[in-house]
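# mind folding the following:
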Amino acid sequence: MGRAAEMLGVTPAFLRSLDTARLIVPQRSSGGHRRYSRYQLRLAQRARDLVDQGTALDAACRIIILEDQLAEAQRINAQLRRDRTPQNPPK
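Numbers count the residues shown, from 1 in each chain. Next up is the predicted model:
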């Protein structure tokens, strides 16, 4: 956790607060240490950016979750559009 906090320029307490808020739930090593994925580190960085701009932590977490849901919905929508487009349009 200390290395991840150092990389992001945050305190370990900030990362623990993201875990408590359930924004990121890191895997655990056999020794019980938190292990963050690159995706989780990007979410933590986004949370830090929002908090640095004056957004409350709980609101920042909600914003990030909604942004993630929107991106997934847009990805699914684009895939459905591609699937509906005829491969060989009639002449």
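# all strands for the chain, in order.
Per DSSP state E, the chain carries strands over the ranges 27-28, 34-35.
# can you tell which of these is closest to residue 8?
When these are compared by Cβ to Cβ, strand 34-35 sits nearest residue 8, at 13.0 Å. Bear in mind the C-beta positions are built from the backbone N, C-alpha and C, glycine included.
# mind listing the strands the closest one pairs with, and their directions?
Strands that pair with strand 34-35, judged by DSSP bridges, come out as strand 27-28 (antiparallel).
# report the buried residues of the longest helix along the chain.
Scanning the chain for the longest helix, with DSSP state H as the assignment, gives helix 57-84. Under the neighbour-count criterion of 16 or more other Cβ atoms under 10 Å, helix 57-84 has 57, 60, 61, 64 buried.
# what helices or strands is that helix leaning on?
helix 38-52 (3 or more Cβ pairs under 8 Å, 6 or more residues apart in numbering; DSSP states H and E).
# now for the helix it packs on, which elements pack on it?
Helix 38-52 packs on helix 2-8, helix 12-20, helix 57-84, going by 3+ Cβ pairs under 8 Å, 6+ apart.
# what mean pLDDT does the last one get?
What that stands for is helix 57-84. Average pLDDT, helix 57-84: 96.
# now do it against helix 12-20, angle only.
Put simply, helix 57-84 runs at 50 degrees to helix 12-20, going by axes from the mean of the first three to the mean of the last three Cα atoms, to 10 degrees.
# next, the angle from helix 57-84 to helix 38-52.
130 degrees.
# the residue nearest to residue 10 when sequence neighbours are not counted and residue 26, how far apart?
The shortest distance from residue 10 to any non-neighbouring residue, by Cβ to Cβ, 6 or more residues apart in numbering, is to residue 48 (5.5 Å). Residue 48 sits at a distance of 16 Å from residue 26 (criterion: Cβ to Cβ, to the nearest Å).
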